[in-house]
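Colleague: can you look at this prediction? I've put the sequence above it.
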Amino acid sequence: MLLIKDTLVSEDLIERFFVCDLDSCLGQCCIDGDAGAPLLPEERDAIDNHLEEILPMLTQSARETIKEEGSSYIDAEGDLVTQIVGGRDCVYTCYAEGGKCLCALEKAFREGKLPQLKPSSCHLYPVRLSRVGDLTAVNLHRWKICRSAERKGRTEGVRAYQFLKEPLIRRFGQEWYDELCLTAEEWLRSR
């Protein structure tokens, strides 16, 4: 682990290659799992403040789930997470041609319809954050559904921290990301 400001960064974030390959995985990370995506309370509030604009983008079953159960819930581990539909899909999923699972929140942001409302846990994926005392641990989650992303990253020569530039800056700031880049260059040069 490498110390950057008040975080402990896994070497995997620097060493591993990664570029999402939506054509191969079809967005499986949004539909596989046993709970919704982790949310910060302020993220839930921001989404709820835009719910009237978001609802038309969602499936009928997602709209019904939100109406009946709310947009988020506390999971078995006590974490605030997005609501799920049918025991699997994140309530904010939508589908594109070919069965690709997309995030309605990100799609609306990219189209200029909404501010960035995608939960930071999703935006950062495959990074997972945890607490280690007073520090935040920044770890790269490895999952079989992301093997194609690892291959694509290797082919394109893009490391995980480079691919995740936008969400890392969103979460930790430009100064933190600049320090990460300098540390990464030194780390890779020394290997």
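Modeller: Structure's in. What do you need? Numbers count the residues shown, from 1 in each chain.
Colleague: contacts, neighbours, all on C-alpha from now
Modeller: Fine.
Colleague: in the chain, what helix or strand scores lowest on average pLDDT?
Modeller: Using mean pLDDT, DSSP states H and E, helix 22-25 stands out as the lowest-scoring helix or strand of the chain, at a mean of 81.
Colleague: could you check which helix or strand contains the most centrally placed residue in the chain?
Modeller: Geometric centre of the chain, nearest residue: residue 122, 1.8 Å, by Cα atoms, centre = their mean. Taking DSSP states H and E as the criterion, residue 122 maps to helix 120-123.
Colleague: quick one: residues in contact with the very next helix or strand once past that helix.
Modeller: Sequence order places strand 127-132 as the next helix or strand after helix 120-123, per DSSP H and E. Defining contact as Cα atoms under 8 Å, 6 or more residues apart in numbering, one finds that strand 127-132 is touched by 13, 121, 136, 137, 138, 139, 140, 141.
Colleague: make it 7 Å
Modeller: Strand 127-132 is contacted by residues 136, 137, 138, 139, 140, 141 when judged by Cα atoms under 7 Å, 6 or more residues apart in numbering.
Colleague: which of those count as buried?
Modeller: 136, 137, 138, 139, 140 (16 or more other Cα atoms under 10 Å).
Colleague: those residues in strands, which ones?
Modeller: If you go by DSSP state E, the buried ones among the contacts of strand 127-132 have 136, 137, 138, 139, 140 in strands.
Colleague: tabulate these in TSV, adding columns for pLDDT and distance to residue 113.
Modeller: TSV is the format used below for these (pLDDT from 0 to 100; distance: Cα to Cα, whole Å):
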residue	pLDDT	distance to residue 113
136	94	32
137	95	33
138	96	31
139	94	32
140	92	31
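Colleague: thinking again about what came up before, so after the least confident helix or strand of the chain, what's the next helix or strand?
Modeller: helix 41-49.
Colleague: could you say what helices and strands that following helix packs with?
Modeller: If contacts are counted by 3 or more Cα pairs under 7 Å, 6 or more residues apart in numbering; DSSP states H and E, helix 41-49 sits against no helix or strand.
Colleague: C-terminal to that helix, what's the next element?
Modeller: With elements assigned by DSSP H and E, the helix or strand that comes after helix 41-49 is helix 51-54.
Colleague: from the chain's centroid, how far away is the next helix or strand after that next one?
Modeller: On the C-terminal side of helix 51-54, the closest following helix or strand by DSSP H and E is helix 60-69. Chain-centre distance of helix 60-69: 22 Å, with Cα atoms, centre = their mean, to the nearest Å.
Colleague: for residue 116, which non-adjacent residue is spatially closest?
Modeller: Spatially, and ignoring its direct neighbours in sequence, residue 116 is nearest to residue 109 (5.5 Å; Cα to Cα, 6 or more residues apart in numbering).
Colleague: which residues sit against the host helix or strand of the one you found?
Modeller: Taking DSSP H and E as the criterion, residue 109 maps to helix 104-110. The contact list for helix 104-110 (Cα under 7 Å, 6+ apart) reads 57, 92, 93, 94, 114, 115, 116, 117, 118.
Colleague: the same query, at a cut-off of 10 Å, please.
Modeller: Helix 104-110 is contacted by residues 47, 53-59, 91-95, 103, 112-119, 122-123 when judged by Cα atoms under 10 Å, 6 or more residues apart in numbering.
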